[in-house]
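> sequence unknown, structure follows:
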């Protein structure tokens, strides 16, 4: 996204608190000082606060700012830089990713299928203990300070109030060539890449594939813990990619796989799809699998292997239409200049 914004002539920088564990690059990394002296801590906080003065637009991600103490929703300096930027008249955008705003208690109550449950996400107890309170503060005290709020998963509309759906813009389409699914391969390669198995529903997927292995010929590979560049190479070898089956939407992995021309499997929660554009709903190429009937749904997908190549072509076209960072950057650039502008991408 930031590189696409630069292509439009905008001075755009990616600033993170810490280096990425998966090898993603940042323009600036504001690491904690190795020295714990008072002077070092004051200097570090000054550098973070200075960002509120340096930029005209501050686009925050993952429901945090550079002043935020994870695990302590009552820390008095939480969002101090965002609040300062608001007082200075800076334009503030917040894009919510998922568990930064998803209320675990609410998700558990409203959804039959969700990772927000006992025995589901490993963080569920912590969410109920304190994190939902932090999310409620974010929703009620911080989001109203933002000029625009976007969310990347349709279910987040239930927690994000007046936010708007925004598609993922996590792939450089010009750097990814489609790699067709091989219809003639004797044993198709099925790939799943869980960053957090308890959130992705990995055990449901893998148990189902084990049961189906006696009826169908396929090879299964799980990819985790690799640098992003290495993982992308493995995605290119897959014939079918299974993304996630609990959150009700697809994630960044699915966008990367579809950009490569791979058919993708995920669970889509029908009642949440009202949050996305009607044309996007009509275009969705995702193969749907419900965790409550995973064996039947995956079997039906394996029975339709002759359709995978065409689904892969549709998937690439879908990403070009709905997930192109250049299109989305152009839409956001209009909003950066006029925060009341409509979101048209």
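Great, that's in hand. Keep in mind that this is a model prediction, so the values were computed, not measured. Numbers count the residues shown, from 1 in each chain.

> so what's residue 79 up against?
65, 67-68, 142 (C-beta atoms under 8 Å, 6 or more residues apart in numbering). Using the backbone N, CA and C atoms, a C-beta is placed for each residue, glycine as well.

> highest neighbour count among the residues you listed?
When neighbours are taken as other C-beta atoms under 10 Å, the top entry among the contacts of residue 79 is residue 65 (25 neighbours).

> I'd guess that one is in a helix, am I close?
No: looking at residue 65 with DSSP: H, G, I helix; E, B strand; the rest coil, it is coil, so not inside a helix.

> ok, it touching residue 77?
No: Residue 65 sits out of contact with residue 77 when judged by C-beta atoms under 8 Å, with a separation of 10.0 Å.

> any chance of the contacts of residue 79 in a markdown table, with distance to residue 247 and pLDDT too?
Below are the contacts of residue 79 laid out as a markdown table (distance: C-beta to C-beta, whole Å; pLDDT from 0 to 100):
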| residue | distance to residue 247 | pLDDT |
| --- | --- | --- |
| 65 | 25 | 94 |
| 67 | 29 | 91 |
| 68 | 23 | 90 |
| 142 | 23 | 96 |
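
> max pairwise distance over those residues: which two?
In terms of C-beta to C-beta, the contacts of residue 79 reach their longest pairwise distance at 67 and 142, which sit 11.4 Å apart.

> now do the shared contacts for these two.
Common contact partners of residue 67 and residue 142 (C-beta under 8 Å, 6+ apart): 79, 82.

> sec struct for residue 59, please.
Taking three-state DSSP as the rule, one finds residue 59 in the strand state.

> now do the contacts for it.
Residue 59 makes contacts with 93-95, 332, as judged by C-beta under 8 Å, 6+ apart.

> if we use 6 Å, what do you get?
Contacts for residue 59 (C-beta atoms under 6 Å, 6 or more residues apart in numbering) come out as residue 93.

> over to the one 3 residues further on?
Residue 62 makes contact with 97, 100 under the criterion C-beta under 6 Å, 6+ apart.

> in stretch 164-173, what counts as buried?
Residues of stretch 164-173 classed as buried: 165-171, 173 (neighbour count, 16 or more other C-beta atoms under 10 Å).

> who's in contact with it?
With contacts defined as C-beta under 6 Å, 6+ apart, stretch 164-173 is touched by 1, 150, 152, 252, 255-256, 259, 275-276, 322-325, 328, 343.

> end to end on it, go ahead and measure it.
24 Å (C-alpha to C-alpha, to the nearest Å).

> show me where the stretch 101-250 of the chain has helices.
Counting by DSSP state H, counting those that start in this stretch, the stretch 101-250 of the chain has helices at residues 104-110, 124-126, 132-137, 197-200, 202-212, 228-235.

> one step back: just the buried members of the contacts of stretch 164-173?
Among the contacts of stretch 164-173, those classed as buried by 16+ other C-beta under 10 Å are 1, 150, 152, 252, 255-256, 259, 275-276, 322-325, 328.

> can you redo the residues you listed as TSV with pLDDT, secondary structure and distance to residue 315?
Below are the buried ones among the contacts of stretch 164-173 laid out as TSV (pLDDT from 0 to 100; DSSP: H, G, I helix; E, B strand; the rest coil; distance: C-beta to C-beta, whole Å):
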residue	pLDDT	secondary structure	distance to residue 315
1	94	coil	21
150	98	strand	23
152	97	coil	18
252	94	helix	14
255	97	helix	9
256	96	helix	11
259	97	helix	8
275	93	helix	21
276	96	coil	16
322	98	helix	11
323	98	coil	10
324	97	coil	14
325	97	helix	17
328	97	helix	18
